[in-house]
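J.: output the structure for:
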Amino acid sequence: MGSNSTAASSPLNPAVEILLKFVNEDLLAGSQEKVAPDTALFDEGRIDSLKILRLIAFLEVRSGKKIPDDLIVMDRFRTIETIAKNFPER
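T.: Model prediction:
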């Protein structure tokens, strides 16, 4: 799991909280491992190709906008914090 040191000292951004809940309770349901805002999502197979599609669909529903294909690159999805920064809600 990531260090999560910043989250312990300050409240999480609401978008980060929502994404954390979705990833930990939906995408990683049944897994004993949970991720923190700064956990690398693709390391050790935490998020696979099917789960990333579900995550993209979740982001599109929350934002009310389709994410253009050219924005779907690994660097924009590395961590929960990265995703929240790159794909803000409406």
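J.: quick one: the strands in the protein, in order.
T.: For the chain, no strands are identified by DSSP state E.
J.: who touches stretch 76-83?
T.: Stretch 76-83 has contacts (Cβ atoms under 8 Å, 6 or more residues apart in numbering) with 2, 16, 19-20, 23, 35-42, 47, 52, 55, 59, 75, 86-87. Just so you know, the C-beta spots here come from the backbone N, C-alpha and C atoms, and that holds for glycine as well.
J.: need the pLDDT of T39.
T.: As summarised for this prediction, T39 has a pLDDT of 95.
J.: how close does it sit to P68?
T.: T39 is 26 Å from P68, where distance means Cβ to Cβ, to the nearest Å.
J.: select the longest helix from the protein.
T.: Secondary structure of the chain per DSSP state H: the longest helix is helix 49-63.
J.: give the other helices and strands that that helix contacts.
T.: For helix 49-63, the elements it packs on are helix 14-22, judged by 3 or more Cβ pairs under 8 Å, 6 or more residues apart in numbering; DSSP states H and E.
J.: hang on, the earlier thing: which residues sit against the longest helix of the chain?
T.: Where contact means Cβ under 8 Å, 6+ apart, the residues beyond helix 49-63 that reach it are 18, 22-23, 26-27, 47, 66-67, 72, 77, 83, 87-90.
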